[in-house]
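Asks: Fold the following.
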Amino acid sequence: MAKEMLSEVQLRNALAMVAGADPNGCFFVANEINNSDIAISAAFGAIGSAIVAAENSGKPQAHLINYTAYGIYFVPIYFQKKTGYVLAPEQNFFIPHQEIESVAVVGSGWKFYEIRIKTANGRKFRFNTVRKKKNEAYHAANVSRFREIYAADSKKAERKGKITSAVVAVFFLLILVGVIVLAVTSDDTDTPQADAPQGGTAQTQSYMADGTRVPLEFCRIDSTFDILLPTTFTDLSEAEFAATFPDSVGLAVADTDRTVYVVVRAWNAGEMQVDADALKAEYTQNGEVLSAKAETRNGLQFAEVKAVESDGTYIHTAEFEADGAFYSVSFIADSTARTAWENASDMILHSITL
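Replies: Numbering: from 1, shown residues only. Got it, this is the predicted structure:
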């Protein structure tokens, strides 16, 4: 059976094999976002070429990042079907502090940090890491410490990001408020099929929650896709969104009690991929995954996961690409609202249509 987790002992042992690395230093695991073999080879010469040669069978799934007094070490981590995750300390590469121009650790969703490294010669590296890993306290402590070490660069990047986020959030909110199409009443059923709008006409549906019928109607998001949303839900202001979903960019609507949310986030598609296995792995670290699947629906390829977090919060997330953007739509119900609202998640997320 493939081993899908690496222990702290394994990580320390791998670092102990790398000359100059500190097994007791600040280390954590991060996924690669956009670090090309060409960039590594050009930046690190013979070492980079060796890495490229060693990766003919596939790129690393992640790296062990280790901050030391001399610089930052990177140890590739591969996934093999039979043995699971394995470290490759002999393929490590190293960036001395004097060759680093900036390192920013900024929020990327409420559970993740994006790490952006820029060298003096202009090379750029991007990684993504979870803030916390279940049963791995060292990870959260070291990620927090790494962020503190580069606090100045991180805050500068976040200030720049907030300006962009504000513009994007206002744009999304204006669309959500101003582009709600006309509705017609649907048949009175408890669990109606969420049909997509046809010919430019919105179709109203409804959902029975705790004995109360809640109307839903199609809204157009980012001039790109339509989704059913409860008409009784209200938009979160920019300030409320930031407080509820810190370090995240997008828009959200919620019920009056703020126990149920529909959250939309968007990124430039870039190197991001619709990957059900990767999405499942993210949610497995913070709770129980109920189901995960990849599915083509309404002309779109979806990665979809249903999960329950440790505090009882129910989350149903769908990811997809459209018009050069990567979208993540999440239906979230806290433990007090899950029974009444859980069945609405399929209706809402399965209504997403270009």
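
Asks: what ranges do the helices span in the stretch 201-350 of the chain?
Replies: Using DSSP state H, counting those that start in this stretch, the helices of the stretch 201-350 of the chain run over 238-244, 276-284, 338-341, 344-349.

Asks: Could I get the average pLDDT for the helix or strand harbouring Phe79?
Replies: Assigned by DSSP states H and E, Phe79 belongs to strand 71-80. Mean per-residue pLDDT for strand 71-80: 87.

Asks: residues of the next helix or strand after it that come out buried?
Replies: Tracing the chain past strand 71-80, the next element assigned as helix or strand by DSSP H and E is strand 84-87. The neighbour-count criterion (16 or more other C-beta atoms under 10 Å) identifies 85, 87 as the buried residues of strand 84-87. Heads up, the C-betas are built off the backbone N, CA and C, glycines and all.

Asks: which stretch of helix or strand covers Arg116?
Replies: Applying DSSP H and E as the criterion places Arg116 in strand 112-119.

Asks: so what does that strand touch, helix or strand wise?
Replies: Under the contact criterion of 3 or more C-beta pairs under 8 Å, 6 or more residues apart in numbering; DSSP states H and E, strand 112-119 touches strand 100-107, strand 124-130, helix 137-149.

Asks: Indicate which one of the ones you listed is closest to Leu354.
Replies: Proximity to Leu354, assessed across the helices and strands packed on strand 112-119 by C-beta to C-beta, is greatest for strand 124-130 (27.2 Å).

Asks: Relative to Asn121, how far out is Arg145?
Replies: 27 Å (C-beta to C-beta, to the nearest Å).

Asks: Which one of these two is surrounded by more residues?
Replies: Arg145 (14 against 9; other C-beta atoms under 10 Å).

Asks: Check whether the more buried one really touches Cys26, as I assumed.
Replies: Yes: with contact defined as C-beta atoms under 8 Å, Arg145 reaches Cys26; the gap is 5.1 Å.

Asks: Would you mind confirming that Ala292 makes contact with His316?
Replies: No: using C-beta under 8 Å, Ala292 makes no contact with His316, being 11.0 Å away.

Asks: Point me to the helix or strand that includes the closest residue in space to Val75 that isn't next to it in sequence.
Replies: For Val75, ignoring the flanking residues on the chain, the nearest one in space by C-beta to C-beta, 6 or more residues apart in numbering is Leu64 at 4.0 Å. Assigned by DSSP H and E, Leu64 belongs to strand 62-67.

Asks: tilt between that strand and strand 71-80?
Replies: 160 degrees (axes from the mean of the first three to the mean of the last three C-alpha atoms, to 10 degrees).

Asks: so what strands line up beside strand 62-67?
Replies: Counting by DSSP bridges, the strands paired with strand 62-67 are strand 26-32 (antiparallel), strand 71-80 (antiparallel).

Asks: Nearest to Ser328 among these would be which one?
Replies: strand 26-32 (15.8 Å).

Asks: Tell me how many other residues crowd Gln10.
Replies: 15.

Asks: dump the residue contacts of it.
Replies: Contacts for Gln10 (C-beta atoms under 8 Å, 6 or more residues apart in numbering) come out as Leu87.

Asks: cool, Glu101 as well?
Replies: Listed by C-beta under 8 Å, 6+ apart, the contact set of Glu101 reads 118-120.
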